[in-house]
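Undergrad: Mind looking at a prediction? Sequence and model below.
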Amino acid sequence: MRDLLIATNNPGKIEEYRHLLENIPFKIRTPVEIGLNLEVTETGKTFEENASLKAMAFAKASGLLSLADDSGLEVDALNGEPGIRSRRYAGDHASDEERIKFLLDKLKDITWEKRTARFRCVIAIALPEGKIELCSGECSGLIAFQPRGNLGFGYDPIFYFPELDKTLAELPMEIKNRVSHRGNAAREAAKILNRLAQSGKDP
């Protein structure tokens, strides 16, 4: 069985991908497991560019088929912010709590019906020799007035699903993976990986 490196140092993402990709015919590996300490500067101007940068950097450094994503929150009332700057929105070293507070402060005068938003995720699957394939997913909701729930990470506590009456941070992993942007993108990635395994060919 071939190895698939999940090209992130984020433990929350790694845990989600272990669940999302549990049925693929690849052995999931992490940078820590293979002794790889790599930080990739996200210099791209789109989710696609950043996901590709990370996947290719990890693939070349490890010699393994590598999967990376870039994801972010787009808030309509903020003209699509924070977008690709979601992780750095409140500063390079801000905590999840500080990012959430920064975003909520910007939306303090925005009424409920105008707090529409979406999460977007782009996944890149890369081989060390330079071949790459992309897929994406998204989910829509509203920005809550205050955080709810202690599951998940990032902006999950303020991303509210009206149809479920819960934030992403209130959803158990199984349900979150069914409705989230990363879950939707990962299902497309699984199709690519299954195709690669069956054909024995590279992307």
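TA: Received the coordinates, thanks.
Undergrad: Sketch out the low-pLDDT regions of the protein for me.
TA: Applying pLDDT under 70 to the chain picks out residues 200-203.
Undergrad: Which parts of it are strands?
TA: Using DSSP state E, the strands of the chain run over residues 3-6, 27-29, 65-75, 116-126, 132-143, 159-161, 166-167.
Undergrad: Can you tell me which of those is most buried?
TA: strand 65-75 (a mean of 25; mean count of other C-beta atoms under 10 Å). All C-beta atoms are positioned from the backbone trio N, CA, C, and that covers glycine.
Undergrad: Nearest to the spatial middle of the chain, which residue is it?
TA: Taking C-alpha atoms, centre = their mean as the criterion, Ser71 is the residue nearest the geometric centre of the chain, at 4.3 Å.
Undergrad: Quick check: chain neighbours aside, which residue is closest to that residue?
TA: Using C-beta to C-beta, 6 or more residues apart in numbering and skipping residues adjacent in sequence, the residue nearest Ser71 is Cys121, 3.9 Å away.
Undergrad: got it, and Ala190?
TA: Ile24 (5.5 Å).
Undergrad: The one you found: what's it in contact with?
TA: Residues near Ile24 by C-beta atoms under 8 Å, 6 or more residues apart in numbering: Leu4, Ala190, Leu193, Asn194, Ala197.
Undergrad: between those, which is nearest Leu103?
TA: For these, the minimum distance to Leu103 (C-beta to C-beta) is 31.1 Å, reached by Ala190.
Undergrad: Okay then, goodbye and thanks.
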